[in-house]
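Novice: Fold the following, please.
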Amino acid sequence: FFSSCFMVLQVGDSIPSGSFGTTVDGKPSSLSTDDIFKGKKVVLFGVPGAFTPTCTKDHCPGFGLLANKLKDLGVDSIACMAVNDLFVMQAWAESLNVTEKMTMLADGNGDWTKSAGLEVDLTSFGMGLRCKRFALVAEDGKVTHIAIDESGLSKTSAEAIIEFLQ
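Specialist: As a prediction, this is how the structure comes out:
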């Protein structure tokens with residue numbers, strides 16, 4: 001059992017500093033949290049794993065389908081993160097046809113996930129340390145909304161984020 005030595009991220013907190021793997025023009029790259037959040041209104045959602053059932057059928061596609069509505073509500077960018085490598089995240093985005101709608105962020109070793117207090121131990125499923133299913137809104141690096149779903153998507157879906165933003 002992994003226990004967090006950090007408090008779970010809350011409204012009013014600053015986004016923990018860190019970096020993520022990503023793909024830019026087909027090449028491996030990295031983005032810092034400043035690159036992602038500084039001076040922007042960002043929706044970041046996290047999933048336990050790319051290509052897992054709920055994440056693939058509902059969670060990520062929902063944000064892809066509603067990306068324009070989120071942008072209409074003042075969101076500058078949408079990002080999806082998971083404790084996976086950047087190649088898996090890119091392949092997943094391509095398979096879901098969301099590469100133009102959101103930035104895929106790989107937290108390969110779970111470092112950012114741990115610093116945000118969002119880790120979950122899924123070793124009993126052979127998945128190791130992963131990220132809890134969450135969604136947050138941050139403005140200029142400060143969390144204005146965060147939700148975590150222990151099961152299902154009632155709090156972390158694109159629809160739930162839209163409801164918060166309206």
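
Novice: quick one, phi psi at residue 89?
Specialist: Main-chain dihedrals, residue 89, degrees, to the nearest 10: phi -60, psi -40.

Novice: And for it, the neighbour number?
Specialist: Each residue near residue 89 was counted by other C-beta atoms under 10 Å, and the total is 25. C-betas here are computed from N, CA, C, even on glycine.

Novice: And the helices in this structure, which stretches?
Specialist: Assigned helices in the chain, in chain order: 33-37, 53-54, 60-65, 67-72, 86-96, 111-115, 158-165 (criterion: DSSP state H).

Novice: Those into CSV, with extra columns for distance to residue 11 and mean pLDDT?
Specialist: As requested, the helices of the chain are arranged in CSV below (distance: least, C-beta to C-beta, whole Å; pLDDT from 0 to 100):
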stretch, distance to residue 11, mean pLDDT
helix 33-37, 15, 97
helix 53-54, 25, 76
helix 60-65, 20, 91
helix 67-72, 19, 97
helix 86-96, 27, 93
helix 111-115, 17, 95
helix 158-165, 11, 97
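
Novice: so which of the ones you listed gets nearest residue 79?
Specialist: Shortest distance between residue 79 and those, using C-beta to C-beta, is found for helix 33-37: 6.2 Å.
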